[in-house]
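the following block contains a protein sequence and its predicted model.
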Amino acid sequence: MISVDNFLIPIQQRFQNEYNLDKVLKKLNNIEKNIPVINVVGTNGKGSTSFFLSNGLKAKYKKVGLFISPAFLYHNERIQINNEPISDDDLKKYILKTEKFIKECKLTFFEIWTLIAIMYFNDNKVDIAVIEAGIGGLKDSTNLFTNQIATILTSVSFDHTEILGNTIEKIIYQKVNIAKENTSLFVSSDNIQYKHIIKNSIINNVNIVYPKKYEDEKVEYQRGNKGVVKAVLEFLNIQDFSCLKLNSLTGRFTELEYKNKKIIIDGAHNVDGIRALISSVKNKNEWVVLYGAIDGKEHNKILNLLDENFSNVNITTFDFHKAWDINQINHANKVQDWKKFIELTDKNLIICGSLYFIPLAYKYLTEK
C-alpha cells in the first residue's frame with residue numbers, strides 16, 4: 001500500500017475554469033457507460049455511507065466497485081473492488097496509462113483519480129460501483145457517470161462555498177442535480193428541514209425518497225447514513241442488512257485506547273460535522289478536545305460550539321501546506337506540539353478536525 005505521504009499523482013491542481021475529463025472519455029469511447037453506478041453526494045457522511053453501501057451490495061453483486069476520497073492512510077483506499085483496495089502495481093500501471101491524457105487535456109487532481117477508477121472498474125467488469133463525489137455534484141467529475149441506478153444525498157451543510165455557493169439553496173442545487181432523468185434520489189433524514197428546497201431544486205424527473213433513521217446505531221450521526229443505505233438495499237431487493245452492523249471507515253468516530261485513556265478520532269471539520277460529533281459524545285466533562293484545521297473554515301462558529309459543550313478545548317496546527325495559523329485564531333488554548341500534548345494529557349481525548357490532520361494523529365497513535 002502506498003502511503004498518502006508519498007507523492008503519487010503528477011498534478012496537484014484541484015480547480016480550474018474548464019474541466020476536460022469528458023473529452024478524455026470520448027477518446028476512450030465513453031467506457032464510463034459500461035459501469036452501473038450509485039452516486040453519493042452531500043457534505044458530511046459520504047464516505048461512511050459509500051462504505052456501508054458497497055459492503056451491502058456484495059449480497060447481490062459479484063463485483064462491487066467503490067470510489068471514495070480523500071484517502072486516509074494509503075492512496076490505494078480511493079479505488080476498491082469488493083472492499084479490497086487497488087494493488088500498488090495496478091495503481092502505478094493505471095497512472096502510467098493516464099499520463100498522455102493528463103498532458104493533452106490538462107486534467108485536475110480529482111479528474112485523474114476519477115479516470116483511473118473508470119478505467120480500472122471497466123477493465124475488471126464490475127457489476128455495480130458506489131461513487132462518492134469529491135465536491136458538489138453538477139460540477140464534479142463523478143457527474144460524468146451516466147449509467148446511474150440511484151443517487152444518495154447525505155447530510156447537507158455549508159462547505160466549499162467558494163465552489164458551490166454561499167447559500168444552502170445553491171449548495172443543494174449543485175448536489176441534487178447529479179441525479180439523472182427517471183432515477184431515484186434517496187435523501188438522508190438529516191435533510192428533512194430542506195425538503196421544500198430539494199423538491200424545488202431538482203431539474204430532472206426524479207423520484208425523491210426520504211428513508212427513516214436507522215435507530216439501532218450508537219453513533220448519532222450514522223443513523224441517517226445507515227437509514228439511507230438500508231432503503232437503497234431494499235430498493236435493489238437486497239434483504240441482507242449485515243453491513244449496517246459494521247464500524248465505519250477509519251477516522252469516523254474511531255475509538256482507540258492509548259496509555260490508559262480513551263481516544264476518539266473524528267474527521268468533523270465543518271459546523272454540522274462538529275454538531276454531529278457533539279451529539280454522539282456521552283459524559284462530555286470526561287473529555288479533552290484537540291482540534292486541528294485548515295484555512296478557510298468557519299473557525300469561530302466551530303470553536304464556539306466546542307467551547308459551549310466541552311470544558312477543555314485546545315487548537316493545534318500540523319505539517320500541511322494548507323494548515324491554519326493558530327497564531328491568527330482568537331482562542332485561549334493553543335497547542336504547538338500536538339504529539340507532546342497527546343502524551344502529557346491524562347484525560348480521555350477527542351481529536352477532531354481536518355481530514356488532513358486526523359490521519360496524522362491516528363498514524364502516530366497506532367504506530368506508537
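Everything's here; your move.

all helices for this structure, in order.
21-27, 46-57, 88-105, 109-123, 161-164, 168-176, 195-201, 222-235, 271-280, 299-309, 338-344, 358-367 (DSSP state H).

may I see the buried residues of the last one?
Spelled out, that is helix 358-367. Residues 358-362, 365 are the ones in helix 358-367 that count as buried (16 or more other Cβ atoms under 10 Å). Yep, even glycine has a C-beta here, placed from its N, CA and C like the rest.

distance between that helix and the chain's centre?
19 Å (Cα atoms, centre = their mean, to the nearest Å).

what does it contact?
4, 72-73, 250-251, 254, 256, 258, 263, 265-267, 290, 292, 318-319, 338-339, 342, 351-352 (Cβ atoms under 8 Å, 6 or more residues apart in numbering).

ok, and for stretch 143-150, which residues are buried?
143-145, 148-150.

tell me the contacts of the residue nearest the centre of the chain?
The centroid of the chain falls nearest to Gly47 when counting by Cα atoms, centre = their mean (3.8 Å). Gly47 is in contact with 68-69, 132, 248-249, 252, counting by Cβ under 8 Å, 6+ apart.

circling back: nearest to Asn314 among the buried residues of helix 358-367?
Ala361 (12.7 Å; Cβ to Cβ).

check the gap between the closest one and Lys340 for me.
Distance from Ala361 to Lys340, counting by Cβ to Cβ, to the nearest Å: 13 Å.

distance to Lys97 and pLDDT added to the contacts of Gly47, as TSV?
Putting those into TSV (distance: Cβ to Cβ, whole Å; pLDDT from 0 to 100) gives the following:
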residue	distance to Lys97	pLDDT
Ile68	21	95
Ser69	20	88
Glu132	22	96
Ser248	32	84
Leu249	27	83
Arg252	32	85
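
which of those lies closest to Ile302?
Among the contacts of Gly47, and counting by Cβ to Cβ, the member closest to Ile302 is Arg252, at 17.6 Å.

burial of that closest one, as a residue count?
By other Cβ atoms under 10 Å, the residues close to Arg252 number 23.

any idea how far it lies from Gly56?
For Arg252 relative to Gly56 (Cβ to Cβ), the value is 17 Å.

ok so, going back, adding distance to Val40, write the helices of the chain out as JSON lines.
Formatted as JSON lines, the helices of the chain follow (distance: least, Cβ to Cβ, whole Å):
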{"stretch": "helix 21-27", "distance to Val40": "18"}
{"stretch": "helix 46-57", "distance to Val40": "5"}
{"stretch": "helix 88-105", "distance to Val40": "22"}
{"stretch": "helix 109-123", "distance to Val40": "13"}
{"stretch": "helix 161-164", "distance to Val40": "16"}
{"stretch": "helix 168-176", "distance to Val40": "10"}
{"stretch": "helix 195-201", "distance to Val40": "16"}
{"stretch": "helix 222-235", "distance to Val40": "9"}
{"stretch": "helix 271-280", "distance to Val40": "16"}
{"stretch": "helix 299-309", "distance to Val40": "24"}
{"stretch": "helix 338-344", "distance to Val40": "31"}
{"stretch": "helix 358-367", "distance to Val40": "21"}
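
lowest mean pLDDT across those helices, which one is that?
With a mean of 48, helix 161-164 has the lowest mean pLDDT of the helices of the chain.

and the nearest residue to Asn285 once chain neighbours are set aside, what pLDDT?
Closest residue to Asn285 apart from its sequence neighbours, by Cβ to Cβ, 6 or more residues apart in numbering: Ser311 at 6.2 Å. Looking at Ser311, its pLDDT reads 94.

would you confirm that Ser311 contacts Glu286?
No - here Ser311 lies out of contact with Glu286, judged by Cβ atoms under 8 Å, at a distance of 10.0 Å.

overlap in contacts, these two.
Residues touching both Ser311 and Glu286 (Cβ under 8 Å, 6+ apart): none.

so what's the residue count around the residue nearest to Gly42 when sequence neighbours are not counted?
Excluding its sequence neighbours, the residue lying closest to Gly42 (Cβ to Cβ, 6+ apart) is Thr154, at 3.0 Å. The tally of other residues near Thr154 (other Cβ under 10 Å) stands at 27.

again, but for Asn204
Look at Asn204: counted by other Cβ under 10 Å, it has 13 neighbours.

same deal with the one 10 residues further on?
Residue neighbour count, defined by other Cβ under 10 Å, stands at 20 for Tyr214.

for it, give its distance to Asp89.
38 Å.

how about Thr98?
Taken as Cβ to Cβ, the span from Thr98 to Asp89 is 15 Å.

who has more neighbours out of these two?
More crowded of Thr98 and Asp89, by other Cβ under 10 Å: Thr98, with 20 against 8.

contacts only, for that one.
For Thr98, the contact set (Cβ under 8 Å, 6+ apart) comprises 107, 112, 115-116, 119.

report the buried members of the residues you listed.
Judged by 16+ other Cβ under 10 Å, buried ones among those: 107, 112, 115-116, 119.

tell me who's in contact with Thr183.
So Thr183 contacts 148-151, 204, 206-207 (Cβ under 8 Å, 6+ apart).

Lys106 against Leu21, yeah?
No - under the criterion of Cβ under 8 Å, Lys106 makes no contact with Leu21, lying 10.4 Å away.

what separation is there between Glu111 and Ser141?
5 Å.

what touches both of these two?
Common contact partners of Glu111 and Ser141 (Cβ under 8 Å, 6+ apart): 19, 21.
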